[in-house]
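# Structure for this input, please:
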Amino acid sequence: MGWRGILGFEYGIVQAPLGPDISGPELVAAVANAGALGFLRIPDWEAPDYVRELIRKTRALTDKPFGIGVVLAFPHEENIRVILEEKVAVLQVYWGECSQDLVRRAHENGVKIIPQVGSFKEAEKAVKVGVDGIMVQGREAGGHVIGQDGLITLLPRVVDLVRGRDIPVIAAGGIVDERGYVAALALGAQGIALGTRFLATEESFAHPIYKQKLVELQETEYTDVFGRARWPGAPHRVLINPLFMDWRSFPSNENESNQPIIGRSLIHGVVSILFVTQLFYLIKIRPICQDFVKILIFLITDHHYSASSQAFNVTYFFLFFFRRKKTFIVLLVRFQMQRQLVISKAW
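Now for the predicted structure:
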């Protein structure tokens, strides 16, 4: 597992389902062709014919499996029907109940299902209904944020919850490079989901100015200023830019429904705000997807052994302190065997 793959995919790298105007067939196919798991994102309204078109266009660009994300807070039944009919490899659901009936329907159609959760309670519910994996989102995440817990506190609890079960845990929120990947693995995750990082790639539909601002700007803020009428109770993390500063003090008892329209998006009719992960400032380049995945895998391989060595040194200290030399020798042998095995398979 780890970076060597989850859910049948070559690597444990997931491109999160970004907004429906960003995560299109070109991006998802590029991620799939690189050996990772890419997610389309359907519109926030019923559009079954359009969803089928998205799926088939993606299949025309790759012969590898991919997934599709659905926000359950919006109308979705017809869209999910098409997703199951098309037998997309993975269905990711978010912001709503991942019911046992939905899991059953997915499995009957040969589709794996992964809910994204923001709390331990949500994770418990997901385990009970028999999901195939759990994506754990920390408060550091960009875009709409479902929970209040930070990833470093929530992730280990969910990992312990699924221990002994065949349910891989995917870490999401504030991860943009190999250091975040190593940290997630150390906390017990078997994969990572990146949103903002893939938003900045050449294949995403994000506007070039948006991508450039990810490189130029340095700060984000957690807010509920935008979309209060359309999606109430759904806070999000955004870039601190002039638009946000103008609306930052927007009274909490008001919403956008009676405000002047300052612009329109022509991409699926969705108006976009600059959503971004908390650690976006670590993004310095805007590569193509295949290059990014390869670079990340190379760097994680290097950083993993550095981290493993440090963890081993700490383990040695405690074992030596408590005079458990026999256990230490067993761990030393296991560590060296595992290290050599993975190095031999890394490339």
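# quick one: the strands in this structure?
Here the chain has its strands, by DSSP state E, at 13-15, 37-41, 67-71, 90-94, 112-117, 134-137, 143-144, 169-172, 191-194, 220-223, 236-239.
# name the helices or strands packed onto the last one?
In this case it means strand 236-239. strand 143-144, strand 220-223 (3 or more CB pairs under 8 Å, 6 or more residues apart in numbering; DSSP states H and E). Yep, even glycine has a C-beta here, placed from its N, CA and C like the rest.
# do you know which of those strands lies nearest residue 92?
strand 143-144 (13.6 Å; CB to CB).
# And the nearest residue in space to residue 155 that is not next to it in sequence, what's its pLDDT?
Residue nearest to residue 155 in three dimensions, not counting chain neighbours: residue 187, with 4.6 Å by CB to CB, 6 or more residues apart in numbering. Listed pLDDT for residue 187 reads 94.
# Tell me the spacing between residue 187 and residue 169.
According to CB to CB, to the nearest Å, residue 187 stands 9 Å off from residue 169.
# Low-confidence regions, the stretch 1-150 of the chain specifically.
1-5 (pLDDT under 70).
# how about 80 then?
Filtered on pLDDT under 80, the stretch 1-150 of the chain yields the residue ranges 1-6, 20-21, 142.
# doesn't residue 152 make contact with the residue nearest to residue 155?
Yes - counting by CB atoms under 8 Å, residue 187 touches residue 152, with 6.7 Å between them.
# Between those two, tell me which one has more neighbours.
Using other CB atoms under 10 Å, the more surrounded residue of residue 187 and residue 152 is residue 187, with 19 against 16.
# tell me the domain ranges of this structure?
With domains defined by automatic domain parsing, the chain comprises 2-206+280-300, 304-345.
# Quickly compare the ones you listed and say which is most buried.
Comparing the domains of the chain by mean neighbour count (mean count of other CB atoms under 10 Å), domain 2-206+280-300 comes out on top with a mean of 21.
# and the gap between the residue nearest to residue 155 and residue 181?
Using CB to CB, we find residue 187 at a distance of 11 Å from residue 181.
# now swap in residue 245 and tell me
Per CB to CB, residue 245 is found 33 Å from residue 181.
# From the centroid of the protein, which residue is nearest?
Central residue of the chain (CA atoms, centre = their mean): residue 193, 2.8 Å from the mean position.
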